[in-house]
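*Asks:* Okay, here's the prediction I keep looking at, along with the sequence it came from:
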Amino acid sequence: MPSFFIPLSGLESDNTALNTIANNISNLNTVAYKSQDVQFSDLFYQQVGESGSGDPEQVGAGTQVGAITTNFTTGTPTPESGVAQDVALNGDGFFVVNNGGVQEYTRAGNFAISSDGHLLTQAGQQVMGYPAANGVPNTNAPLVPIQIPIGQVEQPKATTSMSLTANLDASAAVGTTTQGQITVYDSLGVPHVATVDFQKTAANTWNYNMSLPTGDASGSSANTVGTLTFDSNGNLTAPAANVAGIQFTGLSDGASNMNFSWNLYDANNKPLIDQVAAGSGVANSHQDGFASGQYQGFTVDSNGVVSASFSNNQTQVVGQMAIASITNEQGLTRLGDNNYQTTLASGQATIGTAGTNGRGTIQDQAVEGSNVDISTQFSDLIVAQRAFEANSKSITTFDTITQETINMIH
């Protein structure tokens, strides 16, 4: 009898709704979980006649699950977790992960680090991104697993340029000497304190002599001596360019010969050394070399650029996280483990970087929470329960009517 099948369809649909609500509630604390909502639609209709005006008289056949939609709004991030590999995506998009050669997508940024430094999801899939060369991510290159240089040592960098921001006292007597010092590094990362001695030889004229400590370099040197000339306003006029090719050879530690330039002018061609009557002294010094350094940690910026830090106060860009945007998010297949996969309905993912083309930005040391609203779920649970009870009552009512019909026959 149709009277049984109509409420039975309601029971089946309500059961699906109850299961969906229960799943939402059970994932209340699941990282980046997206809640679902069941929507019903009516079934086909049977026309049993027409009214006097010709309007069709139809009897419905029950209900069915018309759609189960996913709420992709961003969950509230839990900030300042203190864990470097925790990242939250604020806005649209998905992290790209590799599951055995299959590209999948996730919102859950509670990543882990493998023993070899690979960034992984909690289920073990590799987090994908763009490789970096010379400290710059190459967003035109194919995606690669992001790897953190855990336990690695950053190689030292020999000094190639140095500068001193200083003033030489214009009121000093001829023959006055003053001194400036700067630490430079050789090819082995060994520091050497270079001393620059300035001596006033005439009005607006100073000689300089650069040297290393006794015993640091036993070979010859080049371009370590010269003359600085200033105009009547104390501005450096000669040399008119930076001093190139300063060289120290025969380093006692076995390093390569040191060869660097002395930048007397900044990027805007403004002199870094002045001569005014204000006392002599070095205000600042800079050079681009550094010693070797041990890996200490890493950070992720808002665009997903991953930078490793070392004990020598240097940072190294190791990659940039890839972020996928999906045209129809409702068409994605949920795989479990917080992962999704594209389908014909969703369309192919467009891969890019965070903060571009509508993609969200990344928050470091934070985890996106579930977007389940517990009050909404409890309200929906009550409605689904009452609907289930009502359909159950319909079945028992039809059963009673059927029994009375059978009793009439007997």
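*Replies:* Structure's in. What do you need?

*Asks:* any low-confidence regions in the chain?
*Replies:* Along the chain, segments meeting pLDDT under 70 span 1-4, 60, 395, 397-399, 401-402, 404-406, 409-410.

*Asks:* domain assignment for it?
*Replies:* 2-72+371-409, 78-146+321-368, 161-287 (automatic domain parsing).

*Asks:* which of the ones you listed is buried the deepest?
*Replies:* domain 78-146+321-368 (a mean of 18; mean count of other CB atoms under 10 Å). All C-beta atoms are positioned from the backbone trio N, CA, C, and that covers glycine.

*Asks:* Now do that one: distance from first to last residue.
*Replies:* 6 Å (CA to CA, to the nearest Å).

*Asks:* cool, and stretch 340-348?
*Replies:* One end of stretch 340-348 to the other measures 12 Å (CA to CA).

*Asks:* Do a quick rundown of the strands in the stretch 151-300 of the chain.
*Replies:* Counting by DSSP state E, counting those that start in this stretch, the stretch 151-300 of the chain has strands at residues 153-154, 161-167, 177-185, 191-202, 205-211, 221-222, 225-230, 236-238, 243-248, 258-262, 273-274, 281-287, 293-300.

*Asks:* Show me what the fourth one packs onto, helices and strands only.
*Replies:* Going back to what we said before, that points to strand 191-202. strand 177-185, strand 205-211 (3 or more CB pairs under 8 Å, 6 or more residues apart in numbering; DSSP states H and E).

*Asks:* For residue 238, see how far away residue 227 is.
*Replies:* 7 Å (CB to CB, to the nearest Å).

*Asks:* Kindly report the same for residue 232.
*Replies:* 14 Å.

*Asks:* I'd say residue 91 and residue 75 touch.
*Replies:* No: using CB atoms under 8 Å, residue 91 makes no contact with residue 75, being 11.8 Å away.

*Asks:* Export the domains of the chain to a markdown table and append columns for distance to residue 311.
*Replies:* Shown next, in a markdown table, are these (distance: least, CB to CB, whole Å):
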| stretch | distance to residue 311 |
| --- | --- |
| domain 2-72+371-409 | 32 |
| domain 78-146+321-368 | 16 |
| domain 161-287 | 12 |
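
*Asks:* Which one of the ones you listed lies nearest to residue 153?
*Replies:* Checking these against residue 153 by CB to CB gives domain 161-287 as the closest, at 10.0 Å.

*Asks:* Just the endpoints, please. Distance across the closest one?
*Replies:* Span of domain 161-287 from end to end, CA to CA: 6 Å.

*Asks:* among the domains of the chain, which is nearest residue 303?
*Replies:* domain 78-146+321-368 (5.0 Å).

*Asks:* Relative to the whole chain's centre, how far out is that closest one?
*Replies:* 9 Å (CA atoms, centre = their mean, to the nearest Å).

*Asks:* do the same with stretch 9-21
*Replies:* Chain-centre distance of stretch 9-21: 40 Å, with CA atoms, centre = their mean.

*Asks:* Repeat that for stretch 145-155.
*Replies:* Chain-centre distance of stretch 145-155: 17 Å, with CA atoms, centre = their mean.

*Asks:* try stretch 302-314
*Replies:* The chain centre lies 11 Å from the centre of stretch 302-314; the measure is CA atoms, centre = their mean.

*Asks:* ditto for stretch 36-53
*Replies:* Stretch 36-53 sits 51 Å away from the centroid of its parent chain (CA atoms, centre = their mean).

*Asks:* ditto for stretch 183-194
*Replies:* Relative to its chain's centre, stretch 183-194 lies at 34 Å (CA atoms, centre = their mean).

*Asks:* Start and end of it, how far apart?
*Replies:* End-to-end distance for stretch 183-194, by CA to CA: 6 Å.

*Asks:* do the same with stretch 259-279
*Replies:* Stretch 259-279 stretches 31 Å from its first residue to its last (CA to CA).

*Asks:* Mind listing residues that contact that stretch?
*Replies:* The contact list for stretch 259-279 (CB atoms under 8 Å, 6 or more residues apart in numbering) reads 158-171, 184, 204, 206, 210, 228, 230, 234-236, 239, 241-247, 287, 289.

*Asks:* ok, now stretch 199-218?
*Replies:* Here stretch 199-218 makes contact (CB under 8 Å, 6+ apart) with 168, 170, 172-177, 192-198, 221, 224-232, 246, 248-252, 258, 262, 275.

*Asks:* Repeat that for stretch 78-93.
*Replies:* So stretch 78-93 is contacted by 32, 72, 74, 77, 95, 107, 109-113, 119, 297-300, 304, 321, 323-325, 354, 358-369 (CB under 8 Å, 6+ apart).

*Asks:* Can you list the residue ranges for helices in the chain?
*Replies:* 2-26, 374-409 (DSSP state H).

*Asks:* and these as a markdown table, adding distance to residue 334?
*Replies:* What follows is the helices of the chain, written out as a markdown table (distance: least, CB to CB, whole Å):
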| stretch | distance to residue 334 |
| --- | --- |
| helix 2-26 | 10 |
| helix 374-409 | 18 |
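
*Asks:* List just the one of the ones you listed that sits closest to residue 56.
*Replies:* Taking CB to CB, helix 2-26 is the member of the helices of the chain nearest to residue 56, at 18.0 Å.

*Asks:* how much does that closest one deviate in direction from helix 374-409?
*Replies:* 160 degrees (axes from the mean of the first three to the mean of the last three CA atoms, to 10 degrees).
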